[in-house]
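K.L.:
pasting the structure only:
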């Protein structure tokens, strides 16, 4: 995105945020994130300034990631009894790279390609257009949320989707818990502050004096439950965050691969926060769903044969062998993405343990 356009996005959205604060007072971090990411005119996902430059996802790192996800999905389709149709749903599919790779690999399982109906949950009009172009050989159904998808057996995929859900942040002080807010200083600059004492949301378990909670996590868990309790189904969640406690103060912003203040470039940088896997597990268990994992991404991919697939690709394209192996190593090495990212499978109650768990 041109520098001038970036300045216009930042200036336009910052002005509107400032106007809202002057009119209604400081806003919670969740509302600030929502405006920065999803504002129709200036939000990050509406303008999408530099996908795969501000951050790099696993599917964009190596085709092996999406291929293994596709084979996992095809295996689970077999375990579900080969339902046709079966809705293959991806939450936040980016440029459609993972779905493209997954469909190509899944085609090796007889009947899978013919049975699945591709559905994508995507808020960005620009990305919807790119996804349709990349998946031009398939009929693609777009929707705004999971409940808008057709009913029936389904396999739900979500890679780096939950980390973009707006979060509320709470800080414990002498008078109890107070919610972190975004306000204005005397010069009109955006600053963080604390509101009046409040109660923590349900199912949030802090381990210190700061804690985060994504309100939409409960909504998503309920939507997944409605599908997987009514029809056979699976949901595969890949994201980053702790597995045994709630996150605390993890809100970050990225632009062109560099981390910056979340208040620096509203609308022109990606905002992200760690996922509370422990809370997601509690919410899904309360609905009666099957829970498998979470396990580190390295374990999941290695058990599915990531290194073997890298060797096959390297032999087929020896001139790119080093690049291929380096990309897969980034996915599985503990010092790269292997330990930071976690994989969670959520299933219908009667499902057997899926592969790699």
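P.N.:
Cool, got the structure. If you're wondering where the values come from, they're calculated on a predicted model, not measured in any experiment.

K.L.:
Just the buried positions in the strand or helix carrying residue 293, please.
P.N.:
Secondary structure from DSSP states H and E places residue 293 in strand 290-296. For strand 290-296, burial by neighbour count (16 or more other Cβ atoms under 10 Å) applies to 290, 292-296. Placement of C-beta: from N, CA and C, glycine included.

K.L.:
Stretch 248-265 too?
P.N.:
Buried residues in stretch 248-265 (16+ other Cβ under 10 Å): 248-255, 262-263, 265.

K.L.:
can you put the buried residues of strand 290-296 in a markdown table and add distance to residue 39 and pLDDT?
P.N.:
A markdown table is the format used below for the buried residues of strand 290-296 (distance: Cβ to Cβ, whole Å; pLDDT from 0 to 100):
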| residue | distance to residue 39 | pLDDT |
| --- | --- | --- |
| 290 | 38 | 98 |
| 292 | 37 | 98 |
| 293 | 34 | 97 |
| 294 | 32 | 98 |
| 295 | 36 | 98 |
| 296 | 35 | 98 |
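
K.L.:
quick one: the spatially most central residue of the chain from residue 45, how far?
P.N.:
Computing the C-alpha centroid of the chain and ranking residues by Cα atoms, centre = their mean puts residue 161 first, at 1.2 Å. To residue 45, residue 161 is 12 Å away according to Cβ to Cβ, to the nearest Å.

K.L.:
Residue 132 too?
P.N.:
16 Å.

K.L.:
quick one: which of those two has more around it?
P.N.:
Neighbour tally, residue 132 and residue 45, criterion other Cβ atoms under 10 Å: the higher count belongs to residue 45, 21 against 16.

K.L.:
Could you tell me the phi and psi values at the more buried one?
P.N.:
When read as degrees, to the nearest 10, the backbone of residue 45 gives phi -80, psi -20.

K.L.:
What is the burial count for the residue nearest to it when sequence neighbours are not counted?
P.N.:
Spatially, and ignoring its direct neighbours in sequence, residue 45 is nearest to residue 124 (4.3 Å; Cβ to Cβ, 6 or more residues apart in numbering). The number of residues packed near residue 124 is 20, by other Cβ under 10 Å.
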